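Visitor: based on what follows, work out the 3D shape:
(chains A and B)
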Amino acid sequence: MQNARDTFYVALRDRLAAVNPARTMVVRSVARPGLLVEENELASANAPADVFRLRWTGLRVDATGALPLVVMNCEIRYATDGNAGNGGMDRGRLLAAMDAELVAAVNAGLQNVVKMSYAALPAVAMGTNVWWGDVAFAAATVNGERLERLATVEVFSFQEAGEL
Amino acid sequence: MNAVAVRRAADVLLRGVGGRAVMLRMPAPASVGDVTEQLGLAVPQFQDVELAPVVLERGSATVRTMLVSANAVNELVGSMGYSASSVLFADAFGVLVDDVLMEVESVADTELGGAAAVYRITLREPVALQV
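Guide: Numbers count the residues shown, from 1 in each chain, chains lettered A, B, ... in the order given. Predicted coordinates:
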């Protein structure tokens, strides 16, 4: 399951970076694409704006097939305050831009990649794929001056023999 | 009263009411292009730096409020090369109080004489210690 999570994160990160290379964030003094997995970062009460925050929630395993089918729910949270220079009046446009970037990254093109194991570097290609459905958007919510959105994606993979 | 005098007065006040020292736990900068850190496979190095004088008070069962001298914060901001105190606290992993690591929830400052004199930092205790 962890390999599928890691693979999906790396695929989504690379696709988002290709769609909008300017969407970056600084984590511990280093700039990187604007997508993070919350559970992989240092615990923090701070929810950064204008980046995508990925959270793994639901999990189902269907063991009826030759290989167990793993279905994971991936929540992608993002928010924007708008540009301070515009008095925040462009926050709707910035949220719409993030919506469009997510659609382009998740829905466009092939919705599968070869599952990789990152336990050792360089990463090793595994025998099955990770694939996912279309992104589903919840209604935008207003939190003070901040506009927030939750999007969800179902991610599928087969649990290979010996894989944790 | 000028800003320097206000900060000194705040220092004296905090020491006078039993000010103590805590440690601010700072993570080392991330490695450029290192996917293992993004995947939670690699743990950054940490550096503990002293923050004093501070006064701690209990807000609720899980929250503690820490008053810290602006002089102490400014010294750290300068010596560690941060651009502002807000960046320092945003980067901090937590505050170590008697070997318990508490998460920084929010930071506010009290301004007197045109400069911050005292920082009020809200800390949250780890879930493992909550009763």
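Visitor: grab the nearest non-local neighbour of whichever residue of chain A sits closest to chain B.
Guide: Taking CB to the nearest CB as the measure, the point where chain A comes nearest chain B is residue A:40, at 3.3 Å. (Glycine included, C-beta is placed from N, CA and C.) Distances taken as CB to CB, 6 or more residues apart in numbering or on different chains put residue B:40 closest to residue A:40, at 3.3 Å, once the chain neighbours are dropped.
Visitor: ok, the one you found touching residue A:42?
Guide: No: between residue B:40 and residue A:42 there is no contact under CB atoms under 8 Å: 9.9 Å.
Visitor: returning to what we had before: number of residues surrounding the residue nearest to residue A:40?
Guide: Using other CB atoms under 10 Å in any protein chain shown, residue B:40 is surrounded by 16 other residues.
Visitor: where does it land in three-state SS?
Guide: Under DSSP: H, G, I helix; E, B strand; the rest coil, residue B:40 falls in the coil class.
Visitor: which phi and psi does it have?
Guide: The phi/psi pair for residue B:40 (degrees, to the nearest 10) reads phi 80, psi 20.
Visitor: any idea how far residue A:63 is from it?
Guide: The spacing between residue B:40 and residue A:63, counted by CB to CB, to the nearest Å, is 27 Å.
Visitor: neighbours around residue 84, how many?
Guide: The chain I'm using is chain A. For residue A:84, using other CB under 10 Å, the count is 7.
Visitor: let's do chain B instead
Guide: Here the count is done by other CB under 10 Å, and residue B:84 has 9 residues near it.
Visitor: the one 3 residues further on too?
Guide: Number of residues near residue B:87 (other CB under 10 Å) recorded here: 14.
Visitor: so which residue is dead centre in chain A?
Guide: With distances taken as CA atoms, centre = their mean, residue A:54 lies nearest the centre of chain A, 4.5 Å away.
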